[in-house]
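Chemist: following is a predicted model, sequence given first.
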Amino acid sequence: MELNLSCPNVAGGLDFATDPQLTHQIIAAVRKVCPLPIIAKLTPNVTKIVPIAQACADGGADAVSLVNTFVGMAINWRTRKPILGNVTGGLSGPAIKPLALRLVWTVARSVQIPVIGVGGIATLDDVMEFLVAGASAVQIGTANFFDPTVSVRLVEQLPKACAELGVHSLRDLVGTLR
């Protein structure tokens with residue numbers, strides 16, 4: 001079960017995953033009542049993400065997914081009003097990939113639970129970059145809007161990419177950035 005501790009599109013949605021102590025309390029409370037695997041989805045909108053990811057691990061999370069959307073804003077300059085109902089909202093898609101990669105790499109080197117890479121993944125190269133950076137798996141979000149078959153296509157391409165690198169398992173690629 002993925003716990004979205006980091007939604008910038010609802011009031012108070014970022015309150016949960018910006019404080020390691022609060023994050024730990026939430027994960028621990030859910031762990032007590034939920035026998036399912038728990039994946040904590042974290043916000044990139046913090047200064048230091050490693051203590052929050054570690055709090056998830058210490059609280060009983062089975063994995064973390066990085067990252068949810070970055071807080072952004074859109075304005076209609078003619079009316080001088082925000083375009084989004086909450087004034088600010090989440091920025092996702094290809095624009096956030098380099099930022100998400102850095103956070104995945106940083107957290108994967110610091111915690112002992114799996115990291116799921118999220119943010120701007122649309123091609124096989126994107127998938128492979130996240131794996132090499134330390135992600136054990138990836139999620140595809142925005143790309144589904146412009147290509148609903150993207151996940152199937154990427155899964156079909158993975159064996160060829162592994163063969164090209166001479167590896168038999170994707171696990172052999174995880175965290176291999178030199």
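Modeler: It's in. Please read these numbers as outputs of a predicted model, since none were measured by experiment. Numbering: from 1, shown residues only.
Chemist: mind showing which ranges of the protein have poor pLDDT?
Modeler: 7-15 (pLDDT under 70).
Chemist: mind listing the strands for it?
Modeler: For the chain, the strands defined by DSSP state E occupy 2-4, 39-41, 63-66, 70-73, 75-76, 81-82, 88-91, 115-118, 137-139.
Chemist: now those strands as CSV including mean neighbour count?
Modeler: (Glycine included, C-beta is placed from N, CA and C.) Compiled in CSV, the strands of the chain are given as follows (neighbours: other Cβ atoms under 10 Å):
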stretch, mean neighbour count
strand 2-4, 17
strand 39-41, 25
strand 63-66, 27
strand 70-73, 15
strand 75-76, 10
strand 81-82, 12
strand 88-91, 18
strand 115-118, 26
strand 137-139, 18
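Chemist: identify whichever of the ones you listed lies nearest to residue 169.
Modeler: strand 137-139 (13.0 Å; Cβ to Cβ).
Chemist: OK, contacts around residue 103?
Modeler: 44, 49, 66-67 (Cβ atoms under 8 Å, 6 or more residues apart in numbering).
Chemist: spell out for me which residue occupies the centre of this protein.
Modeler: With distances taken as Cα atoms, centre = their mean, residue 66 lies nearest the centre of the chain, 2.3 Å away.
Chemist: hey, what's it bridged with?
Modeler: residue 117 (DSSP bridges).
Chemist: close enough to count as contact, it and residue 114?
Modeler: No - with contact defined as Cβ atoms under 8 Å, residue 66 does not reach residue 114; the gap is 10.8 Å.
Chemist: so residue 99 makes contact with residue 68?
Modeler: No - between residue 99 and residue 68 there is no contact under Cβ under 8 Å: 11.7 Å.
Chemist: relative to residue 56, which of the strands of the chain is closest?
Modeler: Across the strands of the chain, closest to residue 56 is strand 39-41 (Cβ to Cβ), at 4.2 Å.
Chemist: which neighbours does the closest one have in its sheet, and in what orientation?
Modeler: strand 2-4 (parallel), strand 63-66 (parallel).
Chemist: could you provide the ones you listed in a markdown table, with additional columns for distance to residue 73?
Modeler: Converted to a markdown table, the strands paired with strand 39-41 look like this (distance: least, Cβ to Cβ, whole Å):
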| stretch | distance to residue 73 |
| --- | --- |
| strand 2-4 | 21 |
| strand 63-66 | 22 |
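Chemist: for the nearest residue to residue 176 once chain neighbours are set aside, what are its contacts?
Modeler: Of all residues not flanking residue 176 in the chain, residue 132 sits nearest, at 5.3 Å (Cβ to Cβ, 6 or more residues apart in numbering). By Cβ under 8 Å, 6+ apart, residue 132 lies in contact with 173-177.
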